[in-house]
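Enquirer: generate coordinates for the sequence data below:
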Amino acid sequence: ILLYLCMITTSLKSQTSSFAYQSTTGSYCNPDTIRFTQISSGSPLGYIWDFGNGRFSHSTNPSVIYTNPGTYMVKLLVIYPQGTVQVTNPLVINPIINPVFTVDKNSLCQQGVINFSGMGGSNVANYTWNFGDGSPIISSSIKDVSHSYTKFGNFRVVLTVNSTAGCFSSSTQTITVQKPVITGTESSTQGCIPAAITFNTSVSLLPN
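Expert: Numbers count the residues shown, from 1 in each chain. From the prediction side, this is the model:
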């Protein structure tokens, strides 16, 4: 768990003040709730927090939600009987990843290869593919990948994209590999020689 400790910037006589903050998700990616902890000497009378996003608080150890990415200058003003002490430090909230991926086909009527292409933005560190069929998970900085399905079934494909800032998110699709369904009927099951019987056959294929 990351914990950031702000440095002392101002003192009043022998009083000092600082604060720490911690992400509840551990990622510092929007949206995220940040918990602040004041670290002040003496016996303060009160606190005024300015979180840099238009939100304020008088709580001792407040929490605030940051919904947008950016760098926020967080200020803590600690009130003492003889005056105030203020400390200011930056807080960086990183942009979340919104991954999607496309396939050249989402169904097969026989075992075969499907081509995948991932997208996640300009700050992608790697793409992690789980093809849902028990095969090894693939992690790569390359967004395009091919996979061969060697058995029939419905397979839930999960793409997880990680950003250079440590943010991550996932996207899913289902791949279906199913044999064609063959059915048939006959006009009669018995008769006298010579017997004329008509057979009808139909094949149901999965759309590609």
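
Enquirer: P69 and C29: what is the separation?
Expert: Between P69 and C29 the distance is 8 Å, computed by Cβ to Cβ, to the nearest Å. In this view, the C-beta of every residue, glycine as well, is placed from N, C-alpha and C.

Enquirer: of these two, which one has the most company?
Expert: C29 (21 against 18; other Cβ atoms under 10 Å).

Enquirer: residues touching the residue nearest to that one when sequence neighbours are not counted, list them.
Expert: Closest residue to C29 apart from its sequence neighbours, by Cβ to Cβ, 6 or more residues apart in numbering: C167 at 3.7 Å. By Cβ atoms under 8 Å, 6 or more residues apart in numbering, the contact list for C167 reads S27, C29, N94, P95, I96, I97.

Enquirer: could you rerun that using 6 Å?
Expert: Listed by Cβ atoms under 6 Å, 6 or more residues apart in numbering, the contact partners of C167 are S27, C29, N94, I96, I97.

Enquirer: just flag the most distant two among these.
Expert: Farthest pair in the contacts of C167 (Cβ to Cβ) is S27 and I97. Separation: 10.4 Å.

Enquirer: okay, those two: which has more neighbours?
Expert: I97 (21 against 17).

Enquirer: which residues touch the more buried one?
Expert: G120, V161, S163, C167, S169.

Enquirer: try it again at 8 Å.
Expert: C29, G120, G121, V124, V161, N162, S163, C167, F168, S169.

Enquirer: now do D104
Expert: I114, N115.

Enquirer: pLDDT weak spots in the protein?
Expert: Applying pLDDT under 70 to the chain picks out residues 1-13, 184, 186-191, 195, 197, 199, 201-208.

Enquirer: you'd agree A20 is up against I39?
Expert: Yes. The criterion here is Cβ atoms under 8 Å, and A20 meets it with I39 at 6.4 Å.

Enquirer: quick check: which element contains the residue nearest to the spatial centre of the chain?
Expert: In the chain, the centroid-proximal residue (Cα atoms, centre = their mean) is S169; its distance is 1.6 Å. Secondary structure from DSSP states H and E places S169 in strand 168-177.

Enquirer: which outside residues touch that strand?
Expert: Contacts of strand 168-177 with the rest of the structure, by Cβ under 8 Å, 6+ apart, involve 27, 96-101, 103, 106-112, 114, 131-132, 149, 151-162, 206.
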